[in-house]
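# 3D, please:
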Amino acid sequence: MFKCKAAVAALLPLAIVGCSSDGQLTATGITVTRSACPAVGIPASTGDITLFNPENSRDASAIDVVAHITNVRSTCDESGENIVSTVNFEIRGQRRDASGAREVVLPYFAVVVQGGTNVVSKSVSRVGLRFEDGQLRATATGTATGSVLRSAATLPEDIRRQVTRERKPGDPDAAVDPLADPTVREAVRRASFEVLVGFQLTEAQLAYNATR
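Presented below is the predicted three-dimensional model:
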């Protein structure tokens with residue numbers, strides 16, 4: 001349903017903050033560590049918004065305001081039964097006409113996605129870009145929160161051992177990716193979550209972004 005610009009899951013081809021797994025070299029081999037904290041990203045075609053005046057025009061001369069989401073970062077609290085990720089980001093906008101003070105209110109969404117395709121929850125919020133008189137650019141900050149059950153983000157013990165066990169050079173399966181096993185791959189997929197943020201776009205706005 002969603003596609004992102006950065007390769008953590010098939011769903012995420014952009015900027016991802018907070019990885020769900022990583023590899024670490026040790027003195028005796030390679031170990032893999034895994035965090036239950038969800039990855040964070042922006043689905044493709046939802047990180048930018050363009051407002052036109054008149055609204056139904058798509059001429060470059062009719063572009064009124066453009067804005068994009070940037071500097072996405074997250075903090076994760078794993079201390080409770082629910083793993084809570086708080087996502088903070090900036091929205092930077094530019095308008096065509098600098099005359100007069102103006103506020104432009106933009107809607108944005110936050111979704112929690114399991115396994116790359118299953119939308120667990122969604123919320124929609126709004127943020128105001130305040131342009132002062134004579135100012136072409138404005139910046140605002142947005143925030144979103146995603147909550148995941150620890151039990152859902154925890155791998156079964158036998159799968160966790162396969163994924164995280166230390167692999168020493170010379171071991172018969174040292175170079176074998178544990179995710180090559182379909183059972184392991186599916187268990188990791190089910191336990192993998194993302195928190196995705198983007199502008200809540202209309203069908204027309206999505207179509208415009210997709211064809212730029």
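
# so where do the helices sit in the protein?
Secondary structure of the chain by DSSP state H: the helices cover 150-153, 157-164, 182-190, 203-211.

# Buried residues, the first one. List them.
Taking 16 or more other CB atoms under 10 Å as the basis for neighbour counts, the residues of helix 150-153 that come out buried are A153. From N, CA and C alone the C-beta is placed, and that goes for glycine too.

# Could you list everything the residue most central in space within the chain pairs with in the sheet?
Closest to where the C-alpha atoms of the chain average out (CA atoms, centre = their mean) is G41, at 1.6 Å. Taking DSSP bridges as the rule, G41 bridges to L196.

# Just confirm it contacts V72, I think it does.
Yes. The criterion here is CB atoms under 8 Å, and G41 meets it with V72 at 7.3 Å.

# Could you report the neighbour count for A62?
15 (other CB atoms under 10 Å).

# got the contact list for it?
F52, N53, P54 (CB atoms under 8 Å, 6 or more residues apart in numbering).

# for this structure, what spans make up the strands?
21-25, 30-34, 39-41, 48-52, 63-77, 82-95, 102-114, 118-131, 137-149, 193-199 (DSSP state E).

# got the contact list for stretch 113-130?
1-2, 9-12, 65, 67, 91, 93, 101-112, 138-142, 144, 146-148, 152, 189-190, 192-196, 200.
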